[in-house]
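# The following block contains a protein sequence and its predicted model.
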Amino acid sequence: MATAPTYRQMWPIYARYWDRMKIKANRQAEVDSACNKLLAHKARYLACEEFTGVPWHMIAVLHMRESGARFDRQLGQGDPLNRPSVNEPKGRGPFLTFEESAYDALVVLKRYNTVPDWRLEKILYWCERWNGWGYWLYHENMPSPFIWGATSIQKIGKYVADNTWDPDVWDSQLGCAPMLKVLEQINQPVPGTIEYMRET
């Protein structure tokens, strides 16, 4: 059975990709629009950060990736809040609020509250771990489009459903990395909060 890569193995790769990454010109407006949408709900993401210990901007980009940032959907896989999930992770919920689903996914299932610090490379590592290591393990160390979609790092190929691979599909969703990059550029830090982004 293939073994998931460790953070020690992956962080130099993430750092190199991040430094090389360019958002595709024809996707820049889409990334900007998504990030403005996320910033409009920053207070809710900050509340989730408070009870999970996970950076608000990481929660935000996962939320966008899973459901287009819909607050009537579960964070874990984008299924409706009001019934048990049918996609992985299955059988979660129902939940009364998005915040309940975020606690379930981030703390109960993933235990991300135990991560001791959240430098940029760790955010990228745990975002990829969130989605799974299939791209890396079974497709020649392929950069995951879950992270790198809409950037110069992305390659063709996509899991079109749980455990279903299609080598000819281009993932059209925005990856976590370009959204994190734009949030880093346009977000004004809230006084009194911890700055999680890597120092420049």
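Happy to help now that I have it.

# Tell me who's in contact with Asp171.
Pro145, Phe146, Gly149, Gln154, Lys158 (C-beta atoms under 8 Å, 6 or more residues apart in numbering). Bear in mind the C-beta positions are built from the backbone N, C-alpha and C, glycine included.

# What separation do you get for the most centrally placed residue in the chain and Pro167?
A centroid search over the chain (C-alpha atoms, centre = their mean) returns Leu62, at 3.4 Å, as the residue closest to the centre. Counting by C-beta to C-beta, to the nearest Å, the gap between Leu62 and Pro167 amounts to 25 Å.

# and the helix or strand of the chain at the bottom of the mean pLDDT ranking, what other elements does it pack with?
Evaluated with mean pLDDT, DSSP states H and E, the helix-and-strand set of the chain has its lowest mean pLDDT in strand 158-161, which scores a mean of 91. In this structure, strand 158-161 makes packing contacts with strand 164-166, judged by 3 or more C-beta pairs under 8 Å, 6 or more residues apart in numbering; DSSP states H and E.

# What are the buried residues along the least confident helix or strand of the chain?
Lys158, Tyr159 (16 or more other C-beta atoms under 10 Å).

# Give me the neighbour count for Glu140.
Neighbourhood size, Glu140 [other C-beta atoms under 10 Å]: 9.

# typed the wrong thing, it's Ala43
9.

# what about it, helix or strand, and which?
Assigned by DSSP states H and E, Ala43 falls within helix 42-52.

# who's in contact with that helix?
When contacts are defined by C-beta under 8 Å, 6+ apart, helix 42-52 is touched by residues 38, 54-57, 59-60, 63, 71, 98-99, 102-103, 106-107, 112-113, 187, 190, 193.

# quick one on the thing from earlier: parallel or antiparallel, which strands does the least confident helix or strand of the chain pair with?
Sheet pairing for strand 158-161, assigned by DSSP bridges, gives strand 164-166 (antiparallel).

# who touches the partner strand?
Gly134, Tyr138, His139, Gly157, Lys158, Tyr159, Val160.

# The third one and Gly157 touch, don't they?
Yes. At 6.1 Å, His139 and Gly157 qualify as touching, with contact defined as C-beta atoms under 8 Å.

# Compare the two (neighbour count), which wins?
Shown here are His139 and Gly157; by other C-beta under 10 Å, Gly157 has more neighbours (19 against 15).

# ok, now how distant is the residue nearest to that one when sequence neighbours are not counted from Met142?
The shortest distance from Gly157 to any residue other than its chain neighbours is 4.9 Å, reached at Pro167 (C-beta to C-beta, 6 or more residues apart in numbering). With distances defined as C-beta to C-beta, the gap from Pro167 to Met142 amounts to 10 Å.

# So for these two, which residues contact both of them?
Overlap of the contact sets of Pro167 and Met142 (by C-beta under 8 Å, 6+ apart) consists of Gly157.

# The two: who's more crowded?
Looking at Pro167 and Met142 with other C-beta under 10 Å, you find the greater number of neighbours at Met142, namely 16 against 8.

# Thanks a lot, see you next time.
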